[in-house]
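1. everything below, folded, please.
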Amino acid sequence: MSQLDDVVVPLLSARIFSGLSAAQLKALALDAEAITFKRGDVVLRAYQEGDAAFLIASGSVIEQLEHDDSGRPQEFSTGAMLGELAMLVETLHSATIVARTPVRALKFKRETMQALMLKDPTLAEHFTDKLRQRLLETAKKLREVDQMFGGPVSGQSEIRVLS
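-> You can find the predicted model right below:
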């Protein structure tokens, strides 16, 4: 695989970038920073402010669970986007993510993304639409769970998302 493929292929697989034009993908690829993590390196730390997102080009990472969490840790590999909200807005990471294997990733810094969106406002519209779609999907799932338990609790309104 060529160096260009190392950048473009993961971009094409990331859901948040689907639907962008070739020129927009090229701009993202040119402004992305190639970064590597060794096995055991922390990629994201829970409760810390993020200023970038990471798209895994190769390797895998795993969620590091809190001491009292009995859930199963999630694993992410090639094509996964980590901390994607941080490339767009100020946010705290919700989980600690550690490199399970050596990882090559593309780093998308918020300041770079904001500069790209100023140059091309359709990028901002694209990301807004993608995030709105995800919010609608989440609201739908929450409504389904709500109905499984007999609807909204008395005195609480049901979940609604305005589009």
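
2. and the gap between residue 133 and residue 28?
-> Residue 133 sits 19 Å away from residue 28, going by C-beta to C-beta, to the nearest Å. The way it works is simple: take the backbone N, C-alpha and C, and place the C-beta from them, glycine included.

3. quick one: which of these two has more around it?
-> Neighbours per residue (other C-beta atoms under 10 Å) separate residue 133 from residue 28, with residue 28 holding more: 22 against 13.

4. give me the three-state assignment for residue 116.
-> Classification of residue 116 using DSSP: H, G, I helix; E, B strand; the rest coil returns helix.

5. flag the shaky bits of this structure, pLDDT-wise.
-> 1-9, 67-70, 151-163 (pLDDT under 70).

6. can you map out the helices along it?
-> Using DSSP state H, the helices of the chain run over 3-13, 22-31, 110-119, 121-148.

7. out of these, which gets nearest to residue 62?
-> Residue 62 lies closest, by C-beta to C-beta, to one member of these: helix 3-13, at 18.5 Å.

8. so which of the helices of the chain is nearest residue 44?
-> helix 110-119 (14.0 Å).

9. and the contacts of that closest one?
-> Applying C-beta atoms under 8 Å, 6 or more residues apart in numbering, the set of residues contacting helix 110-119 from outside is 27-28, 31, 51-52, 86-90, 123-124, 127.

10. tilt between it and helix 121-148?
-> Helix 110-119 runs at 110 degrees relative to helix 121-148, counting by axes from the mean of the first three to the mean of the last three C-alpha atoms, to 10 degrees.

11. and the helices of the chain as JSON lines, adding distance to residue 46?
-> JSON lines is the format used below for the helices of the chain (distance: least, C-beta to C-beta, whole Å):
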{"stretch": "helix 3-13", "distance to residue 46": "24"}
{"stretch": "helix 22-31", "distance to residue 46": "27"}
{"stretch": "helix 110-119", "distance to residue 46": "19"}
{"stretch": "helix 121-148", "distance to residue 46": "20"}
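
12. nearest to residue 66, out of these?
-> The nearest among the helices of the chain, by C-beta to C-beta, is helix 121-148 at 22.2 Å.

13. what about the closest one, distance to the chain center?
-> Distance of helix 121-148 from its chain centroid, counting by C-alpha atoms, centre = their mean, to the nearest Å, is 14 Å.
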